[in-house]
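**Student:** Turn this into a model:
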Amino acid sequence: MQGHCERARQWASAVVDGELSTFERALLEDHLERCGSCREFSRDVNGLTSALRAAPREPFEGVVIGRVRRQVRLRLAPAAAAMAIAAVGLGSVLASTQLNRAPGIQPEVAPLPAPADFALNQGRSEQLKQLELARLAERPGPAVLP
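**Tutor:** Numbers count the residues shown, from 1 in each chain. Just a heads-up that it's a prediction; the model follows:
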């Protein structure tokens with residue numbers, strides 16, 4: 001099944017509920033004119049939906065526990081995630097303060113890295129600046145520094 005057919009079948013399912021825009025409906029109708037398998041799928045979806053909607057409703061006396069449990073889990077999940085994030089943050093803060101207070105341990109001072117300019121072009125930009133200053137010094141008239 002091609003990507004166009006997959007999208008057309010999604011739209012064929014959505015059109016029975018009135019969920020398509022006018023543009024999407026026009027694209028679906030165009031595709032159904034050219035594609036027999038999607039046209040048959042669309043007819044089947046429409047037939048099944050019509051049969052389900054026309055069927056009499058059956059009374060239901062039971063309790064649906066699965067839905068209640070799922071709603072409770074969904075409400076607890078963000079709270080659990082927030083608590084985990086808070087615990088990790090608090091742990092890292094406490095660990096860093098304990099390391100700073102540990103007796104006999106001096107914090108290491110990392111050497112400063114070379115300037116990014118020097119590290120990337122190994123001083124070439126400084127050479128270019130000196131050449132530009134020398135060129136400006138050779139010009140007649142007032143010197144203009146960059």
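**Student:** Could you give the number of residues near H31?
**Tutor:** A count of neighbours around H31, defined by other C-beta atoms under 10 Å, yields 19. The C-beta positions use only the backbone N, C-alpha and C, and glycine is treated the same way.
**Student:** Which strand or helix spans it?
**Tutor:** helix 22-34 (DSSP states H and E).
**Student:** tell me the SS of P78?
**Tutor:** The three-state assignment at P78 reads helix, by DSSP: H, G, I helix; E, B strand; the rest coil.
**Student:** now do L20
**Tutor:** Classification of L20 using three-state DSSP returns coil.
**Student:** so it touches Q10, yeah?
**Tutor:** No. In this structure, L20 sits apart from Q10 without contact. The criterion is C-beta atoms under 8 Å, and the distance is 9.8 Å.
**Student:** Which one's more surrounded, these two?
**Tutor:** When neighbours are counted by other C-beta under 10 Å, L20 and Q10 differ, and L20 comes out ahead with 18 against 13.
**Student:** re earlier: buried set for the helix or strand that the helix holding H31 is followed by?
**Tutor:** Going down the chain from helix 22-34, the next helix or strand is helix 36-54, by DSSP H and E. Applying a neighbour-count criterion of 16 or more other C-beta atoms under 10 Å, one finds 38, 41-42, 45 buried in helix 36-54.
**Student:** biggest separation within these, which pair?
**Tutor:** Comparing every pair within the buried residues of helix 36-54 by C-beta to C-beta identifies C38 and V45 as the most remote, at 10.3 Å.
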